[in-house]
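**Q** Make a model of this:
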Amino acid sequence: MANPTGGEYISYLDEVRVTIKDATEEVLQAVAFQIEAYAKVNIQANGQIDTGFMLNSVYVVHRQSSGFGAAKSVAQSKTISRKTGETVDKSKAMSPEYQLEPKFAAAVIVGANYAIYQELGQPFLFPAGEQAARDAGGVAEQIYRERVND
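**A** Numbers count the residues shown, from 1 in each chain. Sure thing, here's the model as predicted:
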C-alpha cells in the first residue's frame, strides 16, 4: 500500500497471527485488545519509549470499528520532545489506517512507520501475541460468563 509521504506500508498479517479455534468474533476481538495491551506493556518494559509516539500508535481494528483515529491523535499529542529535550515532528510518522481484510476478524496494528525496526531489534508485538494466545482460554471464559450473567 502506498504511503502519501513517499514511503511504503507493508502488512505482515499473513506472517504473524494468532489463531484460536472455534472462537467467536467477540472472543477474537477481546484477544486483539489483550494483544494491544501486552504490546504496550512490552514497549514500556523494553525501554522503547523516546517520545511516546510508537507506544500510543498501537491500535486494534475489527469488523465493527477501528482505533486508528484515537491512536493517531494520542500518538501525535505525545511527541513534543524526546527524552533529551529535542523537539521532534512526528506528524508524518503514522502509517495509513489499516483496512481489515475480510478473512480476518481483528488485527493489532502498530501505526508508527518505524515500529518494524524496533520489533526486529527488541520484539514487543510478537511476544504479546504469544502471551495472549496462551491466555485465550481465560479471555474467552470471561466473555462467556458476561454473556450468561454468571
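**Q** can you give me the strands for the chain?
**A** Secondary structure of the chain (DSSP state E): strands at 58-62, 106-110.
**Q** Indicate which one of the ones you listed is closest to Pro123.
**A** Across the strands of the chain, Pro123 has its closest neighbour in strand 106-110 (11.6 Å, Cβ to Cβ). The way it works is simple: take the backbone N, C-alpha and C, and place the C-beta from them, glycine included.
**Q** got the angle for that closest one vs strand 58-62?
**A** Between the axes of strand 106-110 and strand 58-62, defined by axes from the mean of the first three to the mean of the last three Cα atoms, to 10 degrees, the angle is 160 degrees.
**Q** His62 reaches Ala106, doesn't it?
**A** Yes - using Cβ atoms under 8 Å, His62 is in contact with Ala106, at 3.9 Å.
**Q** More neighbours: which of those two?
**A** Using other Cβ atoms under 10 Å as the criterion, His62 and Ala106 rank with Ala106 on top: 21 against 18.
**Q** wait, doesn't that one sit right on Leu28?
**A** Yes - with contact defined as Cβ under 8 Å, Ala106 reaches Leu28; the gap is 5.3 Å.
**Q** so what's in contact with those two at the same time?
**A** His62 (Cβ atoms under 8 Å, 6 or more residues apart in numbering).
**Q** rank the strands of the chain by pLDDT, which is bottom?
**A** Note on the strands of the chain: strand 106-110 shows the lowest mean pLDDT, a mean of 94.
**Q** Brilliant, that's me finished.
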